[in-house]
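Asker: model this:
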Amino acid sequence: MSKPRLDEEVLLSQLKLQEQALEQISQEIHDNIGQALTFVKLNLNTIDIDKHEETKKKLSEASALVSVAIRDLRNLSKVLNTEYINNVGLVKSIQYQLDYLDRTGIYKTKLHFSEEVYSLLPEVEIILFRVVQELLNNIVRHADATTIDIYLEYHPEELIMKIADNGKGFSIGLQQNKSLVKGLGLTTMQKRLAHIRGRIEIESESGRGTQVKVFVSRSTIPSIEYQSYMCV
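Answerer: Residues are numbered from 1 along each chain as shown. Down below sits the predicted model:
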């Protein structure tokens, strides 16, 4: 591949990642932080200072909601911060992501992982985490699921990630449908995983949920192309 073409693909990939990150920030602020602050405003606007007990209660509730908003902002910064992801590792980063979904009350999530956990190169773990984010985003947008399970199987020679939901699923044959592939971001995920010589498999059936498996060697080193940039 020529250098100009490679630079163009790297730039497009970076822009795509930035766009996805901004969408996630916007949704999180709207759904969680925005809602908490709206309730704070409602409480403060309805305070009657002549009703001391009621005022005391509303101020207490407002204070608790502000604390929730601050917590959500801190957690949001964690899952978007590449350096933080590197510091805490893949397992904790994914757990933080699942915590978001748990707090909606819509999903029951669980992270399963091997008794022996090892670290991969930081660049590899970042790509794997971004792939998990993409898959969770697909579940929220398309699956109509209520349960999500993520399995991290740390084998001596490779890591296998499984992301399973109990949603509506789809026919495997539809993977060849270009609009479906684009809508689920499968091409983007495959390109990301190609940088770390990983691969992805999808098992799904209409009405019976979806399971996605991601495989990456324990000793993998990011490709030369990837080493020129880091995921957002």
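Asker: Which strand residues bridge Glu203?
Answerer: Gln211 (DSSP bridges).
Asker: thought it was touching Gln211?
Answerer: Yes. If you go by C-beta atoms under 8 Å, Glu203 and Gln211 touch, sitting 4.6 Å apart. Where C-beta positions appear, they are placed from N, C-alpha and C, glycine not excepted.
Asker: The two: which has the busier surroundings?
Answerer: Gln211 (17 against 14; other C-beta atoms under 10 Å).
Asker: ok, back up a step: joint contacts of Glu203 and Gln211?
Answerer: Listed as contacting both Glu203 and Gln211 by C-beta atoms under 8 Å, 6 or more residues apart in numbering is no residue at all.
Asker: how many other residues sit next to the residue nearest to Leu159 when sequence neighbours are not counted?
Answerer: Distances taken as C-beta to C-beta, 6 or more residues apart in numbering place Val216 nearest to Leu159, at 5.4 Å, with adjacent residues excluded. Residues near Val216, counting by other C-beta under 10 Å, number 22.
Asker: Name the surrounding residues that touch the helix or strand in which Val216 is found.
Answerer: For Val216, the host element (DSSP states H and E) is strand 210-217. Strand 210-217 is contacted by residues 120, 124, 128, 131, 135, 139, 143, 157-165, 167, 169-170, 193, 196-204 when judged by C-beta under 8 Å, 6+ apart.
Asker: Can you say which of the residues you listed are buried?
Answerer: Buried by 16 or more other C-beta atoms under 10 Å: 120, 124, 128, 131, 135, 139, 143, 159, 161-165, 167, 169-170, 193, 196, 198, 200, 204, out of the contacts of strand 210-217.
Asker: Which ones among the residues you listed lie within helices?
Answerer: Of the buried ones among the contacts of strand 210-217, the ones assigned to helices by DSSP state H are 124, 128, 131, 135, 193.
Asker: Now the two most distant members of these.
Answerer: Taking C-beta to C-beta as the measure, these span a maximum distance of 16.7 Å, between Val124 and Leu135.
Asker: Could you list every helix and strand in contact with the longest helix seen in the chain?
Answerer: Counting residues, the longest helix found in the chain (DSSP H) is helix 52-80. Where contact means 3 or more C-beta pairs under 8 Å, 6 or more residues apart in numbering; DSSP states H and E, helix 52-80 is packed against helix 3-28, helix 34-45, helix 82-103.
Asker: so that helix versus helix 82-103, what angle?
Answerer: Counting by axes from the mean of the first three to the mean of the last three C-alpha atoms, to 10 degrees, helix 52-80 lies at 130 degrees to helix 82-103.
Asker: returning to that earlier point: using JSON lines, please lay out the ones in helices among the buried ones among the contacts of strand 210-217 together with distance to Lys51.
Answerer: Converted to JSON lines, those look like this (distance: C-beta to C-beta, whole Å):
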{"residue": "Val124", "distance to Lys51": "59"}
{"residue": "Leu128", "distance to Lys51": "54"}
{"residue": "Val131", "distance to Lys51": "53"}
{"residue": "Leu135", "distance to Lys51": "50"}
{"residue": "Leu193", "distance to Lys51": "60"}
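Asker: got CSV for these, with pLDDT and distance to Ser67 too?
Answerer: Shown next, in CSV, are these (pLDDT from 0 to 100; distance: C-beta to C-beta, whole Å):
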residue, pLDDT, distance to Ser67
Val124, 91, 36
Leu128, 93, 32
Val131, 91, 32
Leu135, 92, 31
Leu193, 91, 39
